[in-house]
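In: Need the 3D shape of this:
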Amino acid sequence: MTVASPSATVRVMSPEEIAARPGGETPFFQWPQRASVFAERAMRLRQLARGHAMGDFLGFAADMAQAQQLRLAALPDLPLPDAAALDQAAREGRPPLSAADWPLAAEWRGVLQALVAELRATAPAGAQPALQHLASADDALLDRHADALLHGLLPAGGALDLAGAPIVAAALQVVWTHLVLEVQRRWTEDGRGGAGQPFGRIDDAGLCPCCGSRPVASITRMAGDLLGQRYLHCSLCSMQWHLMRIRCAHCGSGKHIAYQSLDAADADAEEGSSRAAQAVVQAEACEDCGHYLKILHAERDPFVEPVADDLASLTLDLLLSEAGLQRHGVNLLLLFGEPEPPPDPGGA
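Out: Residues are numbered from 1 along each chain as shown. Presented below is the predicted three-dimensional model:
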């Protein structure tokens with residue numbers, strides 16, 4: 001496979017055209033659906049797994065997503081920010097459920113152990129050691145791994161490092177998706193539904209306004225007035241927030257954006273360029289900062305799902321990395337590389 005660059009042939013509306021479209025202001029948020037958010041991911045993963053080189057892993061991820069859906073439905077009440085805390089976060093331009101700062105409730109470990117128990121019955125042999133390690137780990141070790149993931153680091157030390165990190169991350173995804181949905185539910189029940197949203201824009205448009213995490217990818221919407229509008233999909237809490245097309249999610253520049261996608265290595269150049277221009281999964285790459293974020297086109301395939309399609313297009317990431325581009329997004333279900341050192345509190 002090769003990376004095709006269809007930037008010269010892609011027809012994408014300009015920011016001015018998008019802004020001038022009728023239908024009123026584009027909604028800033030697209031909320032996850034409690035009844036289906038992980039179930040839809042599981043369905044898409046199973047669809048993509050058929051005949052895929054990573055089929056076994058995608059199938060395991062599908063089982064995990066289905067287990068996440070069950071856990072989301074069974075979560076108890078958890079501490080939430082009150083109205084004053086939400087208002088203060090909005091004034092300060094920061095996410096009120098920050099992954100790095102919001103206290104992690106002990107119930108998260110119950111979610112993790114339930115996921116482990118459900119997965120052990122069907123997981124492939126390669127995943128069993130990590131599941132066994134998680135099942136026997138003490139609370140302190142699990143909390144250290146969770147804290148590392150929530151701060152954007154790989155868990156350090158022990159057999160969990162890479163094999164078990166996606167399972168820990170899956171439990172954290174359930175918890176943060178629940179938190180976001182519960183904040184919205186209580187906001188509405190308190191009669192504030194007509195007074196805007198409990199979450200608002202934050203200073204960094206490339207991070208989730210709810211929890212401050214990086215997106216996994218972006219997705220264009222296909223319904224009604226949202227046709228063609230691009231939303232970033234949070235890697236942790238499943239919230240989607242609007243960001244203008246042809247705008248780098250990492251640095252905010254819209255000057256030098258190119259779209260790249262996968263194509264067969266032996267494809268005819270003209271035919272390959274045409275296919276690349278209509279690819280379901282593309283990388284929106286910024287020449288100014290050297291970062292990229294995948295963009296999925298629901299108008300080309302209505303079944304695309306950000307986490308699933310990102311996993312299934314890992315080859316694109318590898319080729320872009322070889323070309324010197326850095327990924328802005330993160331997929332918590334497939335982490336690789338060395339742990340980043342923690343920041344120096346002294347600023348040295």
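In: Count residues in the vicinity of the nearest residue to residue 313 once chain neighbours are set aside, would you?
Out: Leaving aside its chain neighbours, residue 313 sits nearest to residue 281 (4.7 Å; criterion: Cβ to Cβ, 6 or more residues apart in numbering). Just so you know, the C-beta spots here come from the backbone N, C-alpha and C atoms, and that holds for glycine as well. Residue 281 has 19 neighbouring residues, counting by other Cβ atoms under 10 Å.
In: now residue 281: how far from residue 43?
Out: From residue 281 over to residue 43 the distance is 17 Å, taken as Cβ to Cβ, to the nearest Å.
In: so where do the helices sit in the protein?
Out: Here the chain has its helices, by DSSP state H, at 15-20, 37-49, 55-74, 83-92, 107-120, 128-136, 139-150, 165-189, 269-277, 306-312, 314-322.
In: Same list (those helices) but as CSV, adding mean neighbour count, distance to residue 200 and mean pLDDT.
Out: Shown next, in CSV, are the helices of the chain (neighbours: other Cβ atoms under 10 Å; distance: least, Cβ to Cβ, whole Å; pLDDT from 0 to 100):
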stretch, mean neighbour count, distance to residue 200, mean pLDDT
helix 15-20, 11, 20, 42
helix 37-49, 21, 22, 98
helix 55-74, 20, 24, 97
helix 83-92, 14, 4, 92
helix 107-120, 19, 26, 97
helix 128-136, 16, 36, 94
helix 139-150, 17, 22, 93
helix 165-189, 22, 12, 95
helix 269-277, 15, 36, 60
helix 306-312, 25, 22, 98
helix 314-322, 15, 31, 95
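In: Who are the contact partners of the residue most central in space within the chain?
Out: Centrality entry for the chain: nearest residue to the mean C-alpha point is residue 235, 2.5 Å, by Cα atoms, centre = their mean. Contacts for residue 235 (Cβ atoms under 8 Å, 6 or more residues apart in numbering) come out as 208, 213, 214, 215, 216, 307, 329, 330, 331, 332.
In: If we use 6 Å, what do you get?
Out: When contacts are counted by Cβ atoms under 6 Å, 6 or more residues apart in numbering, residue 235 touches 213, 214, 216, 330, 332.
In: Among the residues you listed, which one lies nearest to residue 146?
Out: residue 332 (11.4 Å; Cβ to Cβ).
In: my guess is the closest one meets residue 169, correct?
Out: Yes. The criterion here is Cβ atoms under 6 Å, and residue 332 meets it with residue 169 at 3.6 Å.
In: So residue 130 sits against residue 162, correct?
Out: No. The criterion here is Cβ under 6 Å, and residue 130 misses it with residue 162 at 8.7 Å.
In: give the contact list for residue 230.
Out: Here residue 230 is in contact with 218, 220, 243, 245 (Cβ under 6 Å, 6+ apart).
In: Apply 8 Å and report the result again.
Out: Residue 230 makes contact with 218, 219, 220, 221, 242, 243, 244, 245, 295, according to Cβ under 8 Å, 6+ apart.
In: Check residue 113 too.
Out: 134, 135.
In: Over to residue 173?
Out: 68, 236, 237, 238, 332.
In: same thing but 10 Å
Out: 37-38, 41, 64-65, 68, 71-72, 111, 166, 213, 234-238, 307, 332-333 (Cβ atoms under 10 Å, 6 or more residues apart in numbering).
In: Against residue 112, how distant is it?
Out: From residue 173 to residue 112 the distance is 11 Å (Cβ to Cβ).
In: list residues touching both of those two?
Out: residue 71.
In: circling back to that earlier point, isn't the residue nearest to residue 313 up against residue 298?
Out: No. Shown here, residue 281 and residue 298 do not form a contact pair, counting by Cβ atoms under 10 Å, at 11.3 Å.
In: tell me, what's touching those two both at once?
Out: Joint contacts of residue 281 and residue 298 (Cβ under 10 Å, 6+ apart) are residue 304.
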